[in-house]
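Engineer: Next input, structure requested:
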Amino acid sequence: MPALWIAHVTVTDEEAYGKYAKLAGPAIAKAGGEFIARGGRFVQLEGKERPRNVVATFPSVEAAVDCYHSPEYQEALSHARDASERELMVVETSA
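Structural biologist: Below you'll find the predicted structure:
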């Protein structure tokens, strides 16, 4: 079943986060991920608001989790850890 990678982000260091973004896109694509929303307009209805929201689709939950643990994504993530506050989840879709 396909899966969605959903991230809610507050960037605290634009320069360092830019390095993350430059590396994360290719790592996600290499794992079969495709962005369907990336920082666009949103309406927060409940919960903690984060100004940046990203959604990518993957062939499966396993592919998304494998991407997260891949050396390429972990290299990207090393730039985001101290440059942002984030929540990230993977959710299996029904179709």
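
Engineer: hmm, who's touching the longest helix along the chain?
Structural biologist: Ranked by residue count under DSSP state H, the longest helix found in the chain is helix 14-30. Identification of contacts with helix 14-30 by C-beta atoms under 8 Å, 6 or more residues apart in numbering yields 5, 11, 35, 56, 67, 70, 72-73, 75-77, 79-80, 82-84. Where C-beta positions appear, they are placed from N, C-alpha and C, glycine not excepted.

Engineer: please redo it, this time with the cut-off set to 10 Å
Structural biologist: Under the contact criterion C-beta atoms under 10 Å, 6 or more residues apart in numbering, helix 14-30 has outside partners 5, 7, 9-11, 13, 33-35, 38-39, 52, 54, 56, 58, 64, 67-68, 70-84, 86.

Engineer: Out of those, which sit inside strands?
Structural biologist: Using DSSP state E, 5, 7, 9-11, 34-35, 38, 52, 54, 56, 58, 84, 86 are the members of those that sit in strands.

Engineer: Of these, keep whichever come out buried.
Structural biologist: Neighbour-count burial (16 or more other C-beta atoms under 10 Å) is assigned, among these, to 5, 7, 9, 11, 52, 54, 56, 58, 84, 86.

Engineer: biggest separation within the residues you listed, which pair?
Structural biologist: Val11 and Phe58 (23.2 Å; C-beta to C-beta).

Engineer: returning to what we had before: could you dump the ones in strands among the contacts of helix 14-30 into TSV with distance to Thr93 added?
Structural biologist: Shown next, in TSV, are these (distance: C-beta to C-beta, whole Å):
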residue	distance to Thr93
Trp5	11
Ala7	16
Val9	21
Thr10	26
Val11	27
Glu34	13
Phe35	15
Arg38	18
Arg52	22
Val54	16
Ala56	12
Phe58	10
Ser84	26
Arg86	21
